[in-house]
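S.K.: Kindly return the folded structure for what I paste below:
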Amino acid sequence: MNSQIIKPMLDQNEIEQRLNELQNVLEYDSNCLEKHFSSGERIAINQERGSLFEQLNFLNGIQKQFRQLEVSKALNGKIEFVLTKIRNLRHK
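M.R.: Residues are numbered from 1 along each chain as shown. Now for the predicted structure:
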C-alpha cells in the first residue's frame, strides 16, 4: 500500500494568486534576454498551472476530480527569485 501525503486544496483566491504568479514568471522569462528557466522547468510550471485550472473547475462544479501537481522545491525557489525581481522592477 502506497501512502502519500495529500495537501489540502487551495481556495479560489489562493489558486488565482498562484496562477497569476506563474503567468508573470513565464512572461518575464520569455521577455528576458537572460533566461531563468529551462524548457523542462517551463513545462513543469505549465503542468502546475494546468492542475490549478483543474482545481478551479472542481471548485466550480465543472469537474468531478483534478490532478494535484506542484513544481519541485528547487524550482519553486527559482520562481520566488524571479517574482522578487519582478516586484523590485515594479517598485522602481
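S.K.: how far away is the spatially most central residue of the chain from Gly77?
M.R.: Nearest residue to the geometric centre of the chain (C-alpha atoms, centre = their mean): Leu22, 4.4 Å. Counting by C-beta to C-beta, to the nearest Å, the gap from Leu22 to Gly77 is 14 Å. (Glycine included, C-beta is placed from N, CA and C.)
S.K.: for Asp29, same thing?
M.R.: As judged by C-beta to C-beta, Asp29 and Gly77 stand 15 Å apart.
S.K.: same thing with Leu56?
M.R.: Leu56 sits 25 Å away from Gly77, taking C-beta to C-beta as the criterion.
S.K.: more neighbours, these two?
M.R.: Set Leu56 next to Gly77 and count neighbours by other C-beta atoms under 10 Å: Leu56 wins out with 16 against 11.
S.K.: How about the more buried one: what's its closest non-neighbour residue?
M.R.: Of all residues not flanking Leu56 in the chain, Ile15 sits nearest, at 5.6 Å (C-beta to C-beta, 6 or more residues apart in numbering).
S.K.: Check which helix or strand the one you found maps to.
M.R.: helix 12-31 (DSSP states H and E).
S.K.: who touches that helix?
M.R.: When contacts are defined by C-beta atoms under 8 Å, 6 or more residues apart in numbering, helix 12-31 is touched by residues 10, 35-37, 42, 45-46, 48-49, 52-53, 55-56, 59, 79, 82-83, 85-86.
S.K.: mind redoing it with 10 Å?
M.R.: 9-11, 35-37, 41-42, 45-46, 48-49, 51-56, 59-60, 70-71, 78-83, 85-87, 89 (C-beta atoms under 10 Å, 6 or more residues apart in numbering).
S.K.: Can you name the next helix or strand after that helix?
M.R.: helix 39-59.
S.K.: For the protein, which residues score under the pLDDT cut-off?
M.R.: Counting by pLDDT under 70, the chain has low-confidence residues at 1-8.
S.K.: what's near enough to touch the nearest residue to Ala44 once chain neighbours are set aside?
M.R.: Excluding its sequence neighbours, the residue lying closest to Ala44 (C-beta to C-beta, 6+ apart) is Val71, at 5.0 Å. Contact analysis of Val71 by C-beta under 10 Å, 6+ apart lists Leu22, Glu41, Ala44, Ile45, Asn46, Gln47, Glu48, Arg49, Gly77, Lys78, Ile79.
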